[in-house]
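[1] Let's see this in three dimensions:
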Amino acid sequence: MKIVVNYYYTLYYFATFTLIGIVACTNSNSNSHLSKPNHINLIQSVNELDTPKFSNIKDIILYINLERKKLNTEKEKYKADKNAHALSYTIANKELELQDEIAVLTYNFLLMAPKNKENFEGLKYLTTLNRKITATQAFTLLQMYPESIQKSPDGIFLKKKFEERSLKESQKTYHTSILELVLYDTANHATTLANIESEYILLDFWSSWCAPCRIYNKELISKKGKIEQNANIKIVAISLDTDKKKWKKAVIDDNLTVLTVSDFQEFNSPLSKQFQITSIPQNALINKKGDIIARNLWGDSLLHFIKTLH
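    Have a look, this model is predicted:
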């Protein structure tokens with residue numbers, strides 16, 4: 001069974017609220033890539049009208065457990081349904097929306113709550129890459145706590161985890177030699193990124209077994225025309241699959257009408273390592289000069305950014 005740390009599974013960690021047994025894996029010689037913004041603000045809720053209010057961090061966990069229970073009930077209800085495949089997208093999308101809401105709720109609560117040891121534990125659930133809260137925002141919260149807490153074993157651990165996230169979020173360059181890596185499309189034709197005739201390439205990292213990725217595939221295709229018409233951009237879906245049959249089936253099921261390629265090495269792929277892909281879904285907008293123009297922009301945020309490239 002694959003164990004992949006991504007924001008889909010972060011929801012599980014939220015729900016269980018496990019506070020021990022988490023292992024940090026960082027480069028002790030790395031320099032800090034974190035900076036403190038001049039000001040910090042509450043993050044807008046995904047659904048402001050339906051946003052519950054919490055008085056303590058434990059209330060958030062109770063809310064998560066309740067929402068997870070509702071989703072699990074839906075999963076069981078539709079498990080034997082003949083349209084289960086289509087319904088799985090609906091369930092996955094609900095989980096993504098809930099994950100977004102949980103990240104925002106937790107961040108906003110911690111920002112305004114007393115900076116004590118009990119609330120400090122909540123920061124552990126902002127260490128994983130997610131769409132709503134950046135490493136810098138999370139690190140800023142950490143800096144608001146008393147120095148004694150920041151220098152505790154948990155505080156030191158969190159600082160390292162935020163540095164890990166920040167390294168990925170702030171990576172600005174890549175080695176152009178990776179453009180010559182041989183990849184294979186669904187017809188088993190060999191190609192390279194160097195062969196893509198465009199100024200920019202949007203690399204979309206996904207896999208057939210990643211439910212959130214499949215949701216993003218649909219969003220990507222719905223916005224394909226606007227993405228590629230706004231600038232000289234081509235979309236390349238980089239699959240981290242190792243099972244060719246499942247990969248090809250997912251391409252058909254998702255109507256993935258962009259170039260989709262793989263070298264079938266999953267997270268061990270030189271491409272994954274070059275762009276520090278340890279969780280999915282992720283994307284990177286690059287040029288062929290070795291610049292990473294942007295990372296992990298989705299939907300309207302991606303379209304707005306692309307317009308600035310003119």
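[2] residue farthest from the centroid of this structure?
    The outermost residue of the chain relative to its centre, with distances by CA atoms, centre = their mean, is residue 148 at 31.5 Å.
[3] in a strand, that's where that residue is, yeah?
    No. When DSSP: H, G, I helix; E, B strand; the rest coil is applied, residue 148 is found to be helix, with no strand at that position.
[4] What pLDDT is listed against it?
    What the model reports as pLDDT for residue 148 is 95.
[5] neighbours around residue 154, how many?
    In terms of burial, residue 154 registers 17 neighbours under the definition other CB atoms under 10 Å. C-betas here are computed from N, CA, C, even on glycine.
[6] could you pull out the strands for the stretch 151-300 of the chain?
    Along the stretch 151-300 of the chain, the segments classed as strands by DSSP state E, counting those that start in this stretch run 183-185, 190-191, 200-206, 233-239, 259-262, 282-287, 292-295.
[7] Take those and lay them out in JSON lines including mean pLDDT.
    Formatted as JSON lines, the strands of the stretch 151-300 of the chain follow (pLDDT from 0 to 100):
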{"stretch": "strand 183-185", "mean pLDDT": "95"}
{"stretch": "strand 190-191", "mean pLDDT": "95"}
{"stretch": "strand 200-206", "mean pLDDT": "95"}
{"stretch": "strand 233-239", "mean pLDDT": "95"}
{"stretch": "strand 259-262", "mean pLDDT": "95"}
{"stretch": "strand 282-287", "mean pLDDT": "93"}
{"stretch": "strand 292-295", "mean pLDDT": "90"}
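[8] Show me the domain layout of the chain.
    The record assigns the chain these domain ranges, following automatic domain parsing: 7-170, 176-307.
[9] hey, least reliable of those by pLDDT?
    Across those, the stretch with the lowest average pLDDT is domain 7-170; it has a mean of 68.
[10] how about the nearest residue to residue 270, chain neighbours excluded?
    Nearest residue to residue 270, sequence neighbours excluded (CB to CB, 6 or more residues apart in numbering): residue 181, at 5.7 Å.
[11] ok, now which ones touch the one you found?
    Applying CB atoms under 8 Å, 6 or more residues apart in numbering, we find residue 181 in contact with 192-193, 263, 270-271.
[12] Over to residue 113?
    Contacts were defined as CB under 8 Å, 6+ apart; by that measure residue 113 touches 56-57, 119.
[13] same thing but 7 Å
    With contacts defined as CB atoms under 7 Å, 6 or more residues apart in numbering, residue 113 is in contact with residue 119.
[14] how close does residue 156 sit to residue 304?
    When CB to CB, to the nearest Å is applied, the distance between residue 156 and residue 304 equals 38 Å.
[15] Now do the helices in the stretch 201-310 of the chain.
    For the stretch 201-310 of the chain, helices defined by DSSP state H, counting those that start in this stretch occupy the ranges 211-222, 224-229, 244-253, 270-274, 299-307.
[16] Make JSON lines out of the ones you listed and add mean neighbour count and distance to residue 188.
    As requested, the helices of the stretch 201-310 of the chain are arranged in JSON lines below (neighbours: other CB atoms under 10 Å; distance: least, CB to CB, whole Å):
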{"stretch": "helix 211-222", "mean neighbour count": "19", "distance to residue 188": "21"}
{"stretch": "helix 224-229", "mean neighbour count": "14", "distance to residue 188": "24"}
{"stretch": "helix 244-253", "mean neighbour count": "15", "distance to residue 188": "9"}
{"stretch": "helix 270-274", "mean neighbour count": "16", "distance to residue 188": "18"}
{"stretch": "helix 299-307", "mean neighbour count": "14", "distance to residue 188": "30"}
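[17] can those helices go into a markdown table with extra columns for distance to residue 187?
    Putting those into a markdown table (distance: least, CB to CB, whole Å) gives the following:
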| stretch | distance to residue 187 |
| --- | --- |
| helix 211-222 | 19 |
| helix 224-229 | 20 |
| helix 244-253 | 9 |
| helix 270-274 | 20 |
| helix 299-307 | 28 |
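[18] To residue 93, which of the ones you listed lies closest?
    Counting by CB to CB, residue 93 lies closest to helix 211-222 out of those; the figure is 5.1 Å.
[19] what residues does that closest one touch?
    For helix 211-222, with CB under 7 Å, 6+ apart as the criterion, the contacting residues are 8, 89, 92-93, 96, 204, 206-207, 235, 250, 254-257, 280-281, 298-299.
[20] I figured residue 232 was touching residue 197, is that so?
    No. Applying CB atoms under 7 Å as the test, residue 232 and residue 197 come out as separate, 9.0 Å apart.
[21] between the two, which one's more packed in?
    For residue 232 and residue 197, the more surrounded residue by other CB under 10 Å is residue 232, and the numbers stand at 13 against 6.
[22] neighbours around the nearest residue to that one once chain neighbours are set aside, how many?
    Leaving aside its sequence neighbours, residue 232 sits nearest to residue 199 (CB to CB, 6+ apart; 3.9 Å). A count of nearby residues for residue 199, using other CB under 10 Å, gives 13.
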